[in-house]
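Trainee: With the input below, show me the fold.
(chains A, B and C)
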Amino acid sequence: MMRRKIALILSVALAVGMLAGCGAKGEDKKTADSTKTESQVEKGTLKLAVTTGDGSSTDDKIPTPWYNRVMATNLMFRSLFVADSSLAKASPDLADSYEISEDGLTYTITLKDGLKWSDGEALTTDDVIFSINTALKAATINSIYTAAFANITELTADANVITMKLSTPYADMINVLAQFAILPKHALENVDPLKLDTDTFWTQPITSGMYAFDELSVGNYFTLKVNENYEGTAPKITKIINYFVSDYITAAQSGNADYMFANAADQVEAMNKMDGFDSHEVNVLFYKYFLFNMKGVDGNQNEAMQDVKVRKALIEAIDRATLSTLYPSATVLNSGVPNEDKAYNGFEYKYDEEKAKKDIEASGYDMGRTLKICYYNNDQTSIDLINTVVHYLEQAGLTVEATLSNDGTTDLFTTRDYDIGFKGKSAFSMNEWYTEYMSGDALFGNVFGGDTAFDELIAQLSAATDEKESNEILKKLQDLEQEKVYKVPAFTVGTYVYTSKNVTIPDGVEFCNTLYSCDLDFENWEVK
Amino acid sequence: MSDSTTVSIKNQNKSAASSLLKKNIRKFMNNKLALFGLIVVVIMTVACVVGMIVGVDYNTPNLTALKTPPGGEHILGTDTIGRDLWARVLYGGCYSIFIGVFCAVMSSVIGAILGAISGYFGGKIDQLIIRISEIFQAFPQLVLVMMLVAIVNKRGLSNLLVIFVLTGWMTTFRMVRNEFMSLKGETYVKVCEAFGMKKSRIMFNQILPNVMSPIIVSTTTNVAFFILQEAALSFIGLGVADSTPTWGNILNAAKSVSVVTNQWWVWVFPGLAISLFVLAINFLGDGLRDVLDAKQQ
Amino acid sequence: MLKFILKKLLMIIPMLLLISMIVFFGLQMTGVDPINFMVSPETLSANANNVEALRESLGLNDPLIVQYFHWLGNCLHGDFGYSFDGSAIASIIAVRMPYTFELAGYSLVLSAIIGIGIGIISAIRQNGIIDYVGRVLAVLGQAIPQFLVGIILIQFFSIKLGLFPSGNRVSPEATNTFVDAFVHLFLPVLTLTIGMVAVLMRYARNTMLDVLNSDYIKTARSKGIPEWKVYLKHGFRNAMKPVLVILVFRIPMLVGGSVVIESVFSYPGIGLTMTNAITSGDYPVVLVTTLIIAAVMLICSFMVDVFNALLDPRVRLGE
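Mentor: Here you go, the predicted model:
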């Protein structure tokens, strides 16, 4: 009898403890939350969604601006210049004015007077120099910055003026600087550049843009408020909530996102079927492409792919035109240059199943081995696409295995386990497609084995300022890449921006590539 | 139970057994849910196996006929790259049913044997097996799957089978062990022991039959459980490789919100297949339990 | 009795150690280099020296066994180390653990009440209407994959009807914490409960049937004890033992189920943290979350032992 009583008491205690635990937690929250609840219910709140499903950002800090730029970081961090929707033209932002010397080697940039960070500290040339120098050492950074900044030989400041000297002209320098977010030196100077993007700074960042960081609730959301130290016109939207979501579409459907973008077919289809959203097609260079795993910098080469005839035959076996129908507005292309561009050289990879079969046999490829494909986008459309590619190659008589990589960067670039990689690249410009061929490229050097054939042409291309000249170089580059067959583009995919009908966007706003930053006249956006 | 201790003639026992079987079958036939379960399980299994043997084309994409609604050439429509869903559901059934049945039976066998040993002998052996079971029990299945996938560098079917069996036997084990602990004090066991019967015979011939009913119930539940578990693992991207069309992998299309709202057939049919099979197997298990439970005779 | 409890409790420690070792060395066997996750390949080849220094400072050059004890020592001081993306794991756990406990706790209580309730009624009125309807509904709930139930519930309740949010746990515009908690928890708790009820109901019904058919119930009946008292006092109490075992053993399943459900609802609990860590290969986080889940499971199994011992002296005597 006694024992049963103990058992009863134990179980009751357990249940009570569990409920008390939950209850107590609830009360804690109440005191913390009730102080701000009154001020929070106000008009003019824009809702954004930050996805954590693709591994590019985590739900315990705000996204960092040096790899991809997203709406929230664009509103918080400014650059020296601000780009227009083509990303190829820029006007001063933090900068007041700038001058480029005749030879294109010296940049003189004057900063605006009286700039301030959101914490009230002055934003000076020190911050700019600190940011550029740190970028060259940072662990996670978009290669457009490192490629451009690597040409800088001297970077000095005198009062409000920054002088930047280059070793060779770099035509895109101002456009790159228009993407490059300046970070506060006083908050980050003691941080190891390799650990910069994981620093606690990103849980309560100091900002330079029209919005300042307000509050972060780990796993739930972070909010932005108007930056009182912003010298420009104050925005009409007074508060921005960024929800951490695992799926954009669900967030949009349940009203947690007033702005979002999509390029995968299933997402675009879902968004187009929803009332309450306006869609804006954006002209971007989003390449989806195959790359052949040739050789590491260590000389360790993938024998099966060395013969260019094998690579050409494999591409012949894949019907890229049909594949492109999986995407809402995909355009097949045959090099880094779109077919309708003036610089296009006219070459075409043709799909021919029968010819592919013959060519593969003729090339002496060992039909008994398993061809391995590695891909890293795990959305439904990518999986569908890869499954179809596998089918095409199987039709040509090969044994194929496709693996989803958990860590695309490492698997794609540091191992020789696979033969073909499939990846996407939302490129800043056509030049970026070609800079991937540079022998010194830390990523692609590991795949193309540091082949130096492209280097000279690429250097000419980044220095070329004249359109005719650069078109000539692009033609030569296309010939070369079609001869080498290291990378074969499948198509470029169109991106769509969606804004909810709650949002009123001022006339004349054009959206740009959603992973970069441009002038959206955001201060005049309004929310119902 | 008291039957087994009363003295009886062999023949009498035999005829009693055959009449018991007839009685059981009659009882089972009267249980409509169980009968329904049995019929559905048999039909689905046979259909899937026949589909596989005939070699239905589950793998050819047709990008000109993707997302076709059910009807016409494709009974259940086509999926997001135009593969015939009917063929995929049939083919996927083979894999999923195999995973379910194999893992459930294997884990029950392991669980029952270890449980019998542990419960009957007690002491040090019991302690050891209990600890092992607790370690396996405590391990999150996900982590084991992930480690195995990372170590063998392949998302294969065999990984999943190994992990499911390794992490699946403990419930049966616990149950059998506890029953054995209670039952070994019973008079009939003492009598058998006094007769000098072999320990293995006492364990498996005398005590185990009395524990069969919970084992059968848990095995059937486990078939369903493993099928569902496979689907869940596929959902978070740790299941069998995409090229193997298990029901879980087919159902994975429901991850895409657009498919959920616009192409209901792509996820409803594999979902229905899973649910119907699981439902049927649960009814079957319940029915078997009602029939087999000696105490209700 | 106290000695029994103490002994069982102490056994948890070496088992946790063993599990931590298995996971630690298992993860090492996967051959993943943490540096690859912390530093992009661009930097990897550009700043080889810095990277080497980073490797040294992280202690990655030490022998495995040293690394293990180093890690263990830190854990004992409450320092669980850092995830590859730089957050202190202790603080990740501190934020997410309560969320998961909330989710699992409410689901457990709700499903226990509903599951055991229906189970007992259908055992008492075997083959009655409640028995049939209850069984069909419960089994139906169990037959549909949980994540699909979650997706359908989101589609219906949060998108079609707009009654509940589709994810997260706290909303920034909340005026009332209780309401906020309720709306965010409702769908995930419902999803988990739907899956749990069926199992509990089956077991409650089956064991209750066993007990009701047993000799002592028949004896009790023959003594003329009122029906309700027979059910409640003799039936219920004896049936509860196996049901309790199953209930406690459902907790790990709840934790497992919540892993999937948390990613469906982007609910920021420990399960979502673990799934994300697994898919992104953030092994320090995998290691700690595994241990936490293992600890929860070991404590559950300890509780099963204690309850068993308390309720059935034969089990204890057998030890």
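Trainee: ok, the residue nearest the centre of chain B to A:E316 distance?
Mentor: Centrality entry for chain B: nearest residue to the mean C-alpha point is B:V223, 1.6 Å, by C-alpha atoms, centre = their mean. Distance, B:V223 to A:E316, using C-beta to C-beta, to the nearest Å: 47 Å. To be clear about C-beta, it is placed using only N, CA and C from the backbone, and glycine gets the same treatment.
Trainee: what comes up buried for stretch B:110-125?
Mentor: Along stretch B:110-125, these residues count as buried under the neighbour rule (16 or more other C-beta atoms under 10 Å in any protein chain shown): B:110-120, B:122.
Trainee: Any part of stretch A:488-502 near chain C?
Mentor: No - on the criterion C-beta under 8 Å from any C-beta of the partner chain, stretch A:488-502 is out of touch with chain C, staying 14.1 Å away.
Trainee: Kindly report the residues of the stretch 51-200 of chain C close to chain A.
Mentor: Counting by C-beta under 8 Å from any C-beta, the residues of the stretch 51-200 of chain C close to chain A are C:51, C:54, C:85-87, C:92, C:95-96, C:98-99, C:101-102, C:105-106, C:108-109, C:154, C:158-159, C:162, C:165-175, C:177-178, C:181.
Trainee: Recalculate using a threshold of 6 Å.
Mentor: C:54, C:85-87, C:95, C:98, C:102, C:105, C:158-159, C:166-170, C:172-173, C:175, C:177, C:181 (C-beta under 6 Å from any C-beta of the partner chain).
Trainee: ok, the closest residue to chain B within chain A - contacts?
Mentor: Nearest to chain B, among the residues of chain A, is A:A270, at 3.5 Å (C-beta to the nearest C-beta). For A:A270, the contact set (C-beta atoms under 6 Å, 6 or more residues apart in numbering or on different chains) comprises A:249, B:257-258.
Trainee: re earlier: how about the residue nearest to the centre of chain B, secondary structure?
Mentor: The assignment at B:V223 comes out as helix when based on DSSP: H, G, I helix; E, B strand; the rest coil.
Trainee: which residues touch it?
Mentor: By C-beta under 6 Å, 6+ apart, the neighbours of B:V223 are B:100-101, B:104, B:281.
Trainee: confidence score at it?
Mentor: For B:V223, the model assigns a pLDDT of 92.
Trainee: That one and C:L10, how far apart?
Mentor: Distance from B:V223 to C:L10, by C-beta to C-beta: 38 Å.
Trainee: And for A:N387?
Mentor: Using C-beta to C-beta, A:N387 is found at 53 Å from C:L10.
Trainee: Name the nearest residue to C:L192, ignoring sequence neighbours.
Mentor: Spatial nearest neighbour of C:L192, excluding adjacent residues (C-beta to C-beta, 6 or more residues apart in numbering or on different chains): C:S107 at 3.8 Å.
Trainee: same deal with A:P489?
Mentor: Of all residues not flanking A:P489 in the chain, A:Y289 sits nearest, at 4.3 Å (C-beta to C-beta, 6+ apart).
Trainee: ok, what's across the strand from the one you found?
Mentor: For A:Y289, the beta-bridge partners under DSSP bridges are A:K423, A:P489.
Trainee: That one: neighbour count?
Mentor: 19 (other C-beta atoms under 10 Å in any protein chain shown).
Trainee: Could you pull up the residues touching it?
Mentor: Counting by C-beta under 6 Å, 6+ apart, A:Y289 touches A:487, A:489-490.
Trainee: Just the buried ones from the residues of the stretch 51-200 of chain C next to chain A?
Mentor: Looks like these have C:54, C:85-87, C:95, C:98, C:102, C:105, C:158-159, C:166-170, C:172, C:177, C:181 buried, using 16+ other C-beta under 10 Å.
Trainee: if I pick the one residue in the stretch 251-400 of chain A that gets nearest to chain C, what's in contact with it?
Mentor: Residue nearest to chain C within the stretch 251-400 of chain A: A:S254 (3.9 Å; C-beta to the nearest C-beta). Contacts for A:S254 (C-beta under 6 Å, 6+ apart) come out as C:158-159, C:166.
Trainee: hmm, back to that, so for A:N387 and C:L10, which residue has more residues nearby?
Mentor: Under the criterion of other C-beta under 10 Å, the comparison of A:N387 against C:L10 puts A:N387 first, with 18 against 9.
Trainee: give me the element that one is part of.
Mentor: Assigned by DSSP states H and E, A:N387 belongs to helix A:380-395.
Trainee: Could you do A:K47 as well?
Mentor: Following DSSP H and E, one finds A:K47 within strand A:45-51.
Trainee: Does anything pack onto whichever helix or strand comes after that strand? Which helices or strands?
Mentor: Counting by DSSP H and E, the element after strand A:45-51 in chain order, helix or strand, is helix A:71-76. For helix A:71-76, there is no helix or strand it packs on, judged by 3 or more C-beta pairs under 6 Å, 6 or more residues apart in numbering or on different chains; DSSP states H and E.
Trainee: who's in contact with helix A:71-76?
Mentor: With C-beta under 6 Å, 6+ apart, helix A:71-76 has contacts from A:48, A:63, A:65, A:207, A:209, A:211, A:242, A:259, A:517.
Trainee: from those, which is closest to chain C?
Mentor: Among these, and counting by C-beta to the nearest C-beta, the member closest to chain C is A:N242, at 9.5 Å.
Trainee: On the three-state scheme, the closest one is what?
Mentor: Classified using three-state DSSP, A:N242 is strand.
Trainee: wait, what's in contact with it?
Mentor: Counting by C-beta under 6 Å, 6+ apart, the residues that A:N242 touches are A:48, A:50, A:72, A:221-222.
Trainee: Looking at neighbours, which among the residues you listed is most surrounded?
Mentor: A:F222 (27 neighbours).
Trainee: for it, what are its contacts?
Mentor: By C-beta under 6 Å, 6+ apart, the neighbours of A:F222 are A:62, A:216, A:242.
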